[in-house]
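> I'll drop the sequence and a predicted model, then ask my questions.
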Amino acid sequence: MPIPRVERQELLRTIARFDGRRILVVGDLMLDRYVRGSVSRISPEAPVPVVRVTEESVIPGGAGNVASNLAALGAQVAVVGVVGKDEAGRRLLEHFGDHGANVEGVCADSRRATTQKCRVVAERQQVVRFDRETTEPLAAATEKRLLAGLAVQLARAQAVVISDYGKGVVGPRLLAAAINGARRRGIPLTVDPKPEHFRRYRGVTGVTPNTAEAWACMGRAPRGGEAALTALGRGILAALRSRFVLITRGAEGMSLFEPGGRAVHIPTRAREVFDVSGAGDTVIAALTLALAAGAPPRRAAALSNYAAGIVVGKLGTATTTPEELAEALI
């Protein structure tokens, strides 16, 4: 469906204001490793495909992918999180440095492993994934350093993203400090939520759960139909007392809920889907950057929907640019 001219101009003006916005990303940093190849036979040792490796690559995942998406969209990014004193942690910090992200708030802890997700992909089909991670709560000394770094970076930020993957970094004290600090400064704070931590998010500006996460956040069994979804969104809004809730719905697009207003259902803009890995990171990155650029939630959600539609058309964990986003509006 064509975009009305006035709406398109508003979206383009928002994109033009992306450049240089200072966004703080707090959360679980990961390294996504891809092993790509082709399959021509089944192993004689077990009924599994033999992948002939032709390419290997690594890119930031989790909160790191949020940071990458923000940087690609033109933001000045600062990161607060934890890595291990290992090769994966070194590569993450190196990547952030190469892309201009501020990593003064990243703590290295020799007692933790940097979270890694290794995906083996053959002919664009993921064959298997294996993970390396530490999920225990942070040591007191590491948490203290992290809180100090958060305070410094909050003072410079125009918006904050909490990327909570449940790996032990986003604990109660860190989350409370981020929410209270953002509220004092009057800047938006959004959360990509972990259902187990749902009640900790009260007072945030907005959350961006997918449908399964939204049901889990409220402790309810999933139900079909728009009425059930609307009740779910309203329930989350009331529980968190947030400014908005954006539920991402895959092929069905997104649904935005705001206090006192009707639910806004946004159809998907994806033209072709190759890989949904990291699409949620793109959504919250574009959404938060648009909020920092002065857009109201509806306009920010619309832009995040276009951004997600672009990245799912790319193979692997991907990002998009202001130019691609502007072109998608035409």
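In hand now; what should we look at? Numbers count the residues shown, from 1 in each chain.
> what about Met100, neighbour count?
Residue 100: Gly, not Met. As a burial measure, Gly100 scores 10 neighbours (other Cβ atoms under 10 Å). (C-beta placed from N, C-alpha, C; glycine too.)
> roughly how far apart are it and Ala300?
According to Cβ to Cβ, to the nearest Å, Gly100 and Ala300 sit 23 Å apart.
> same thing with Thr211?
20 Å.
> got a list of what Gly280 touches?
Asp192, Thr208, Asn210, Thr248 (Cβ atoms under 8 Å, 6 or more residues apart in numbering).
> Please apply the same query to Ala148.
Ala148 touches nothing, counting by Cβ under 8 Å, 6+ apart.
> Does it belong to a helix, a strand or coil?
Of the three states, Ala148 takes helix according to DSSP: H, G, I helix; E, B strand; the rest coil.
> Which of the contacts of Gly280 has the largest number of neighbours?
Asp192 (27 neighbours).
> the strands in this structure, which residues?
Taking DSSP state E as the criterion, the chain contains strands spanning 22-27, 29-42, 49-62, 76-84, 102-109, 115-122, 125-132, 159-163, 189-192, 206-207, 244-248, 254-257, 264-266.
> what is the mean pLDDT for the third one?
For strand 49-62, the per-residue pLDDT values average out at 94.
> got the angle between that strand and strand 159-163?
Inter-element angle recorded for strand 49-62 and strand 159-163: 140 degrees (by axes from the mean of the first three to the mean of the last three Cα atoms, to 10 degrees).
> Check the second one too.
Angle, strand 29-42 to strand 159-163, by the same axes, to 10 degrees: 50 degrees.
> so how far is strand 29-42 off the chain centroid?
22 Å (Cα atoms, centre = their mean, to the nearest Å).
> May I see the buried residues of that strand?
Residues of strand 29-42 classed as buried: Leu29, Met30, Leu31, Asp32, Arg33, Tyr34, Val35, Arg36, Gly37 (neighbour count, 16 or more other Cβ atoms under 10 Å).
> same question, the fifth one
For strand 102-109, the neighbour count (16+ other Cβ under 10 Å) marks Asn102, Val103, Gly105, Val106, Cys107, Ala108, Asp109 as buried.
> Helices of this structure, start to end?
5-16, 63-72, 87-98, 140-154, 172-185, 211-217, 226-240, 279-292, 297-311, 322-328 (DSSP state H).
> Distance to Gly81 for those helices - can I get that in a markdown table?
Shown next, in a markdown table, are those (distance: least, Cβ to Cβ, whole Å):
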| stretch | distance to Gly81 |
| --- | --- |
| helix 5-16 | 27 |
| helix 63-72 | 6 |
| helix 87-98 | 9 |
| helix 140-154 | 8 |
| helix 172-185 | 10 |
| helix 211-217 | 21 |
| helix 226-240 | 23 |
| helix 279-292 | 14 |
| helix 297-311 | 22 |
| helix 322-328 | 25 |
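> Val51: which of these is closest?
Closest approach to Val51 among the helices of the chain (Cβ to Cβ): helix 87-98, 21.6 Å.
> Run the angle between the closest one and strand 49-62 for me.
Going by the same axes, to 10 degrees, helix 87-98 makes 50 degrees with strand 49-62.
> Now do the buried residues in helix 87-98.
Neighbour counts over helix 87-98 (16+ other Cβ under 10 Å) mark Ala88, Gly89, Arg91, Leu92, Leu93, His95, Phe96 as buried.
> Equivalent analysis for stretch 22-29, please.
In stretch 22-29, counting by 16+ other Cβ under 10 Å, buried: Arg22, Ile23, Leu24, Val25, Val26, Gly27, Asp28, Leu29.
> send the alpha carbons of that stretch over as PDB?
Taking Å, rounded to 0.1, in the frame of the first residue of the first chain, the C-alpha atoms of stretch 22-29 are listed here in PDB:
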ATOM      1  CA  ARG A  22      23.800   9.800  21.100                       C
ATOM      2  CA  ILE A  23      22.300   6.400  22.000                       C
ATOM      3  CA  LEU A  24      23.400   4.200  24.900                       C
ATOM      4  CA  VAL A  25      23.100   0.500  24.600                       C
ATOM      5  CA  VAL A  26      23.100  -1.600  27.800                       C
ATOM      6  CA  GLY A  27      22.900  -5.300  27.900                       C
ATOM      7  CA  ASP A  28      24.100  -8.700  26.900                       C
ATOM      8  CA  LEU A  29      26.900  -8.500  24.400                       C
END
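> follow-up on the earlier one: how about the strands of the chain in TSV, adding distance to Gly313?
Shown next, in TSV, are those (distance: least, Cβ to Cβ, whole Å):
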stretch	distance to Gly313
strand 22-27	24
strand 29-42	17
strand 49-62	17
strand 76-84	24
strand 102-109	30
strand 115-122	16
strand 125-132	17
strand 159-163	23
strand 189-192	21
strand 206-207	25
strand 244-248	16
strand 254-257	17
strand 264-266	17
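> Of those, which is nearest Ala293?
Proximity to Ala293, assessed across the strands of the chain by Cβ to Cβ, is greatest for strand 159-163 (9.0 Å).
> Torsion angles phi and psi at the residue sitting furthest away from the middle of the chain?
Going by Cα atoms, centre = their mean, the residue of the chain most distant from its centre is Pro44, 40.5 Å out. As for Pro44, its main-chain torsions (degrees, to the nearest 10) stand at phi -70, psi -10.
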